[in-house]
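> what's the 3D shape of this:
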Amino acid sequence: MKRPAQAGTRNGDGNEWTIRLHPRVLRDVSEFGLQNRDFRPTLAALSIELRRNPKQFAKKSGCLHGTRAARLRYRGRDAWRAVFQLDERAREVLVLSLAPHDEAYEVAARRMKMRVVR
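Numbers count the residues shown, from 1 in each chain. A predicted model of the protein is given here:
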């Protein structure tokens, strides 16, 4: 997962998804590393899945309406989430947060509000 966006792999309908990371998510991914085996799946594997089919991940509701979240485990026990929005027209995945479960949702909600205000 890199910023600026890079081309994704082709999915069943022949269109590609790209991934963009919020700057703080980019920093975290750079620090952890895509191949870090403390994450299950690894961030590299998650990146592949997001490019192939981001719609496989659960939709969120309430203040997170319009987002989806991918489940991760950190060090085998800690529940983490990658929370993202889809831009259907641009075929783009914007990753808003990557953090432990509750923090990921709180940060994503805050970042969504900031985007609306701008």
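> okay, CA-based contacts and neighbour counts for the rest of this
Fine.
> is it true that residue 98 touches residue 84?
No: Residue 98 sits out of contact with residue 84 when judged by Cα atoms under 8 Å, with a separation of 9.1 Å.
> which stretches of this structure form strands?
Along the chain, the segments classed as strands by DSSP state E run 18-21, 39-40, 58-59, 67-74, 78-87, 92-100.
> what lines up beside the last one in the sheet?
By that I understand strand 92-100. Strand 92-100 has the following strand partners under DSSP bridges: strand 18-21 (parallel), strand 78-87 (antiparallel).
> give me the angle between that strand and strand 67-74.
40 degrees (axes from the mean of the first three to the mean of the last three Cα atoms, to 10 degrees).
> contacting residues around the nearest residue to residue 68 once chain neighbours are set aside?
Closest residue to residue 68 apart from its sequence neighbours, by Cα to Cα, 6 or more residues apart in numbering: residue 59 at 4.4 Å. In this structure, residue 59 makes contact with 65-69, judged by Cα atoms under 8 Å, 6 or more residues apart in numbering.
> go with 7 Å
67-69 (Cα atoms under 7 Å, 6 or more residues apart in numbering).
> quickly note the distance from it to residue 83.
10 Å (Cα to Cα, to the nearest Å).
> neighbouring contacts of the helix of greatest length in the chain?
In the chain, ranked by residue count with DSSP state H as the criterion, the top helix is helix 101-117. Residues from elsewhere that reach helix 101-117 (Cα under 7 Å, 6+ apart): 63-64, 79-83, 96-98.
> make a PyMOL selection of the buried ones in those residues.
Paste this into PyMOL to select the buried members of the contacts of helix 101-117, with burial taken from 16 or more other Cα atoms under 10 Å:
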select buried, resi 64+79+80+81+82+83+96+97+98
